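*Asks:* A predicted structure for the sequence below; I have some questions about it.
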Amino acid sequence: MRVLMVCLGNICRSPMAEGVLRHIAEKRGLLLVVDSAGTADYHVGESPDQRAVRCLKHKGIDITGLRGRQFEQQDFDRFDLIFVMDRSNQRNVLKLAATDEHTSKVRLWLHHATEHPLDEVLDPYYGELDGFDRVYEMIVAASEGFLDSIEASSR
Ligand code: 4NP
């Protein structure tokens, strides 16, 4: 399965989601191709935000090698599922959908964090440093929920 994580800038939430999901999938021995992209082109070619890098380094996850890229229409055909961090990302991605199949691949990432009260991973870019820890907790919950659902459906 191939999954794409999408946020606005592709330097905070979606590279964190990419790193965390890949890490947890590897620990579970699941084969999963994971990538990430931003709906905007502000940070194309850039490394992840230092606050995101530092947050994940404490958890043993290295995302320093990732580089920002912009979501493009071909991503609908490259990936089985496209997980958006918030509804603004969802609207921007859906604007590029050309078919019902494209539309059907787009999901809110926190849909999989079933015990979490929020359904959007809100943008930590302009907030406090602890915003990144909250993003991390939400992303872990969604990653565990998503991988549980894959494992359940393959049984
Ligand atoms: P992200 O955070 O969407 O989680 O990568 C942001 C990064 C940069 C900007 C906005 C959000 N920006 O406006 O530059």
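*Replies:* In hand now; what should we look at?
*Asks:* remind me which residues of the protein are low pLDDT?
*Replies:* Scanning the chain for pLDDT under 70 picks out no residues.
*Asks:* how about the residues of it that lie near the ligand?
*Replies:* Counting by CB under 6 Å from any ligand atom, the chain comes close to the ligand at 7-13, 38, 42, 123, 125. All C-beta spots, glycine's among them, are computed from the backbone N, C-alpha and C.
*Asks:* Could you report the neighbour count for the residue nearest to F76 when sequence neighbours are not counted?
*Replies:* Closest residue to F76 apart from its sequence neighbours, by CB to CB, 6 or more residues apart in numbering: H102 at 4.0 Å. Counted by other CB atoms under 10 Å, the residues lying close to H102 total 17.
*Asks:* looking at it, H102 is touching R78, isn't it?
*Replies:* No - with contact defined as CB atoms under 8 Å, H102 does not reach R78; the gap is 11.3 Å.
*Asks:* residue contacts, the closest residue to L66 other than its chain neighbours?
*Replies:* Using CB to CB, 6+ apart and skipping residues adjacent in sequence, the residue nearest L66 is P15, 4.7 Å away. Residues counted as contacts of P15 (CB atoms under 8 Å, 6 or more residues apart in numbering) are 5, 36, 48, 52, 63, 66, 68.
*Asks:* which among those residues gets closest to R155?
*Replies:* M5 (25.2 Å; CB to CB).
*Asks:* Does that closest one have any beta-bridge partners, and if so which?
*Replies:* Following DSSP bridges, M5 is listed with bridge partners S36, F83.
*Asks:* Surely the residue nearest to L66 is in a strand?
*Replies:* No - using DSSP: H, G, I helix; E, B strand; the rest coil, the assignment for P15 is helix, not a strand.
*Asks:* Just give me the neighbour total for L118.
*Replies:* L118, neighbours per other CB under 10 Å, totals 11.
*Asks:* still on that earlier bit, tell me the buried residues within the residues of the chain next to the ligand.
*Replies:* Applying 16 or more other CB atoms under 10 Å to the residues of the chain next to the ligand, the neighbour count classes 7-13, 38, 123, 125 as buried.
*Asks:* wait, isn't A37 in contact with S14?
*Replies:* Yes - using CB under 8 Å, A37 makes contact with S14 at a distance of 6.8 Å.
*Asks:* And those two? Which one has more around it.
*Replies:* S14 (32 against 23).
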